[in-house]
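Asker: this one's sequence-less:
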């Protein structure tokens, strides 16, 4: 038996066929276009996400892995559920970029406008207004989050205030509201199911994480009608079935749903309180499992639902969200033309012993944890006539390691649980890593040096998709228990810490302070 995992990320969709022993039998990938209509705004075309999903899943089921752009991909056609390696595909798991706000027509499934992406900063003024009105403390108490453009609710408030013709459809019930998981499941099921799981719901600013349900108080505050929101279902368990006419000829249970970072925590087998992982994707996200206890932070960490089990019990995590890490390398490639591909960054950075005093703060969409400043913008300091592109690339890798250290230090100081302290489930502190940038050995060594703890990278670095597969397989009997899942985790490489560059980190913190409040 095997599981089809759909990972709808920020720049593309990955599909994996995961077998019962936890290996990846095949994969597919398709990118979709990014839209930047104004500075600080980021949007996606929902139809492109859906076409990328079809293309990536078609590749994975056919055993091919050639990437294509979704907008130019033809339909992959009907595929036999038994055609993938590893035995018949028995179920589907879905994981997704979180917080992104999507609207679609309940009857036609078409979207009346582009989705507003989690990176989008247009609602900074809305957040400031609500903060000035004294709402942040109550919002934090109910949600574990903070008033920041990152989260979904203020995006919906913006739509209500700025696009009344579109919002009228939300009010009259003809349009559905959700995050990317909800949208994809609606497409997979031909509109029969409008659902989300508790992990995604907990990222919207509309979900009471203690009660485990949508909050009428928060819906009223943000002006979102509860009837427009999806039903909240467990992260593991059958939530619907794919429609063969819509999805490659397949009728399969959709049995796993989780936001990408919670899925990565599950895929890394971080089940015990104190287990911790960092995913290096578009941004970097450090999550520490806290079990069934809600642990709150006073210093900039978020409290989030990790997952809801099939019985309705909630597990929680602490999270530090860094908005731009892998995206900074992408910017070097696409924005500045300094790289031909992201993988080249390691070799180029190794040609210089250090950054030559250059410090890059990649606050390209503001600052997340622990500084939380949507008005910050990216900056490069310390340039001289001797600066080369290699120095700038190395400074970018150093910035990623510094950003994660910022979060990890705060996590350890506030809770006693973090890479700088021993995890409750292990006598030795360790950080488990995954995501595309975790393949960069230099970055992983820099990270181990900065944290002064070992960094462990698994054989399968795509743990976001693996987590979705695990949740779906656990909900349909492919696996019987978390312990069985944990046994499938395999180590690729362990990075042992060396000397830590404290002066470089001190320069980093000085540079971060200078980027704050740049946008009036």
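Answerer: Looks like it arrived, so ask away. Given the structure is predicted, the values throughout are model-derived calculations rather than measurements.

Asker: OK, contacts around the residue lying closest to residue 400 once chain neighbours are set aside?
Answerer: Distance criterion Cβ to Cβ, 6 or more residues apart in numbering; nearest residue to residue 400, sequence neighbours excluded, is residue 325 at 4.4 Å. Where C-beta positions appear, they are placed from N, C-alpha and C, glycine not excepted. With contact set as Cβ atoms under 8 Å, 6 or more residues apart in numbering, residue 325 has these partners: 280, 281, 282, 283, 284, 362, 399, 400, 403, 404, 437.

Asker: and the longest helix anywhere in the chain, how far out from the chain middle?
Answerer: Longest helix of the chain, by residue count under DSSP state H: helix 389-415. On the basis of Cα atoms, centre = their mean, to the nearest Å, helix 389-415 sits 18 Å off its chain's mean C-alpha point.

Asker: what separation do you get for the most centrally placed residue in the chain and residue 199?
Answerer: Closest to where the C-alpha atoms of the chain average out (Cα atoms, centre = their mean) is residue 260, at 4.1 Å. Separation of residue 260 from residue 199 (Cβ to Cβ, to the nearest Å): 9 Å.

Asker: before we move on, what about residue 101?
Answerer: The gap separating residue 101 from residue 199 is 17 Å, by Cβ to Cβ.

Asker: which one's more surrounded, those two?
Answerer: Between residue 101 and residue 199, counted using other Cβ atoms under 10 Å, residue 199 has the larger neighbour count: 32 against 24.

Asker: and for the closest residue to residue 191 other than its chain neighbours, the neighbour number?
Answerer: Leaving aside its chain neighbours, residue 191 sits nearest to residue 109 (5.5 Å; criterion: Cβ to Cβ, 6+ apart). Using other Cβ under 10 Å, residue 109 has 18 other residues around it.

Asker: residue 109 is in what secondary structure piece?
Answerer: Per DSSP states H and E: residue 109 is located in neither a helix nor a strand.

Asker: hang on, it packs against residue 186?
Answerer: Yes - applying Cβ atoms under 8 Å, one finds residue 109 in contact with residue 186, separated by 6.1 Å.

Asker: residues contacting residue 443?
Answerer: So residue 443 contacts 280, 346, 397, 400, 401, 437 (Cβ under 8 Å, 6+ apart).

Asker: what's the neighbour count on the fourth one?
Answerer: Applying other Cβ under 10 Å, we find 27 other residues in the vicinity of residue 400.

Asker: how close does it sit to residue 343?
Answerer: Note on residue 400: its distance to residue 343, by Cβ to Cβ, is 15 Å.

Asker: mind listing the strands for the stretch 51-200 of the chain?
Answerer: 68-69, 89-96, 102-105, 115-116, 175-178, 195-197 (DSSP state E, counting those that start in this stretch).

Asker: distance to residue 488, mean pLDDT and mean neighbour count added to the ones you listed, as a markdown table?
Answerer: Below are the strands of the stretch 51-200 of the chain laid out as a markdown table (distance: least, Cβ to Cβ, whole Å; pLDDT from 0 to 100; neighbours: other Cβ atoms under 10 Å):
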| stretch | distance to residue 488 | mean pLDDT | mean neighbour count |
| --- | --- | --- | --- |
| strand 68-69 | 30 | 46 | 18 |
| strand 89-96 | 15 | 95 | 29 |
| strand 102-105 | 32 | 98 | 23 |
| strand 115-116 | 34 | 98 | 26 |
| strand 175-178 | 31 | 97 | 23 |
| strand 195-197 | 22 | 97 | 26 |
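
Asker: want to throw those strands into TSV with distance to residue 215?
Answerer: Below are those laid out as TSV (distance: least, Cβ to Cβ, whole Å):
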stretch	distance to residue 215
strand 68-69	39
strand 89-96	22
strand 102-105	20
strand 115-116	21
strand 175-178	15
strand 195-197	15
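
Asker: how far away is residue 138 from residue 149?
Answerer: Counting by Cβ to Cβ, the separation of residue 138 from residue 149 is 19 Å.

Asker: quick one, which of these two is more surrounded?
Answerer: Counting neighbours by other Cβ under 10 Å for residue 138 and for residue 149 shows that residue 149 has the greater number, 23 against 12.

Asker: the residue nearest to the more buried one when sequence neighbours are not counted: what's it in contact with?
Answerer: Nearest residue to residue 149 in three dimensions, chain neighbours excluded: residue 123, at 4.3 Å (Cβ to Cβ, 6+ apart). Residue 123 makes contacts with 149, 154, 155, 157, 158, as judged by Cβ under 8 Å, 6+ apart.

Asker: the second one: how many residues sit nearby?
Answerer: It stands for residue 154. Residue 154 is flanked by 26 other residues according to other Cβ under 10 Å.

Asker: who's in contact with it?
Answerer: By Cβ under 8 Å, 6+ apart, residue 154 lies in contact with 123, 126, 127, 130, 147, 205, 222.

Asker: what strand or helix carries the closest residue to residue 429 other than its chain neighbours?
Answerer: In space, and not counting its chain neighbours, residue 429 is closest to residue 453: 4.4 Å by Cβ to Cβ, 6+ apart. Counting by DSSP H and E, there is no helix or strand that carries residue 453.

Asker: so for residue 453, what's the pLDDT?
Answerer: We note a pLDDT of 92 for residue 453 in this prediction.

Asker: likewise residue 425?
Answerer: For residue 425, the pLDDT comes out at 42.

Asker: does residue 89 have any beta-bridge partners, and if so which?
Answerer: residue 2 (DSSP bridges).

Asker: make sure it is actually in contact with residue 61.
Answerer: Yes - between residue 89 and residue 61 there is a contact under Cβ under 8 Å: 7.2 Å.

Asker: distance of the residue nearest to residue 149 from residue 161?
Answerer: 10 Å.

Asker: now do the shared contacts for those two.
Answerer: Counting by Cβ under 8 Å, 6+ apart, residue 123 and residue 161 have no common neighbour.

Asker: any regions of the stretch 351-500 of the chain where pLDDT drops low?
Answerer: Applying pLDDT under 70 to the stretch 351-500 of the chain flags the ranges 415-428.

Asker: want to throw the contacts of residue 123 into CSV with pLDDT?
Answerer: Shown next, in CSV, are those (pLDDT from 0 to 100):
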residue, pLDDT
149, 92
154, 96
155, 97
157, 97
158, 97
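
Asker: which two from the residues you listed end up farthest apart in space?
Answerer: The distance between the two most remote of the contacts of residue 123 (Cβ to Cβ) is 10.7 Å, for 149 and 157.

Asker: what residue in the chain is the furthest from its centre?
Answerer: In terms of distance from the mean C-alpha position of the chain, residue 385 ranks first, at 38.3 Å (Cα atoms, centre = their mean).

Asker: from residue 498, how far off is that one?
Answerer: For residue 385, the distance to residue 498 - Cβ to Cβ - is 31 Å.

Asker: one more: residue 92?
Answerer: If you go by Cβ to Cβ, the gap between residue 92 and residue 498 works out to 43 Å.

Asker: likewise for residue 176?
Answerer: 52 Å.

Asker: per-residue confidence at residue 84?
Answerer: With respect to pLDDT, residue 84 scores 49.

Asker: doesn't the residue farthest from the centre of the chain fall inside a helix?
Answerer: No - with DSSP: H, G, I helix; E, B strand; the rest coil as the criterion, residue 385 is coil rather than part of a helix.

Asker: next, it: phi, psi?
Answerer: With angles defined as degrees, to the nearest 10, residue 385 sits at phi -60, psi -20.

Asker: and if you look at residue 279?
Answerer: Main-chain torsions, residue 279, degrees, to the nearest 10: phi -100, psi 130.

Asker: give me the low-pLDDT residue ranges for the stretch 151-300 of the chain?
Answerer: If you take pLDDT under 70 as the line, the stretch 151-300 of the chain has no such spans.
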